[in-house]
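Trainee: Pasting the sequence and the predicted model now:
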Amino acid sequence: MDNLSKYIIDNYDGNPNWFEDEVQTNWHLQRVRNFIDIMDYLDGKHKILNRPDAVWKGRNFKVRKITLQYVKPILTFEESFLLKNPVTLTSDDEETLNKYKEIYKKGKYDNLDIKLPRWIYYLLLY
């Protein structure tokens, strides 16, 4: 019996719909919500922009809403630093390494590495 089967039996009593229950756990929901919040922040949807105008002594004052974009340049630098160099495959087993290199070259994964969508990169970070 493998680890997944044991986990399903231990936590879900062998329920065939265990995956639906698993993805509804609080830990997974928080993880996905955190990722969505990060993507919203990077898209410019800041909470401060929803701040209402202030009223003081019956007069309305328009609240200034300043957003600083320090995160984007840092992530852009980090992304270009990590993805600028081609991937180097290493292994002690030369035969396996040659097969991997052949597949990598045939699938043109070196081009794909450079064109990775930004959201996949952020998903890997967080």
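Mentor: Now that the structure is in, tell me what you want to look at. Numbering: from 1, shown residues only.

Trainee: So, low pLDDT: which residues of this structure?
Mentor: 1, 80-87, 111-126 (pLDDT under 70).

Trainee: ok, then the element right after the helix ranked longest in the chain?
Mentor: Longest helix in the chain by number of residues, with DSSP state H as the criterion: helix 26-42. Next in sequence after helix 26-42, counting helices and strands by DSSP states H and E, comes strand 54-56.

Trainee: Following that next one in sequence, what is the next regular element?
Mentor: Going down the chain from strand 54-56, the next helix or strand is strand 59-61, by DSSP H and E.

Trainee: Which other helices and strands does the longest helix of the chain contact?
Mentor: Where contact means 3 or more Cβ pairs under 8 Å, 6 or more residues apart in numbering; DSSP states H and E, helix 26-42 is packed against helix 71-83, helix 118-125. The C-beta positions use only the backbone N, C-alpha and C, and glycine is treated the same way.

Trainee: burial count for residue 44?
Mentor: 10 (other Cβ atoms under 10 Å).

Trainee: who's in contact with it?
Mentor: residue 67 (Cβ atoms under 8 Å, 6 or more residues apart in numbering).

Trainee: For it, give its distance to residue 88.
Mentor: 36 Å (Cβ to Cβ, to the nearest Å).

Trainee: Domain ranges for the chain, per the record?
Mentor: Structurally, the chain divides into domains by automatic domain parsing as follows: 1-64, 68-126.

Trainee: check contacts around residue 52.
Mentor: residue 63.

Trainee: The same query, at a cut-off of 10 Å, please.
Mentor: 60, 63 (Cβ atoms under 10 Å, 6 or more residues apart in numbering).
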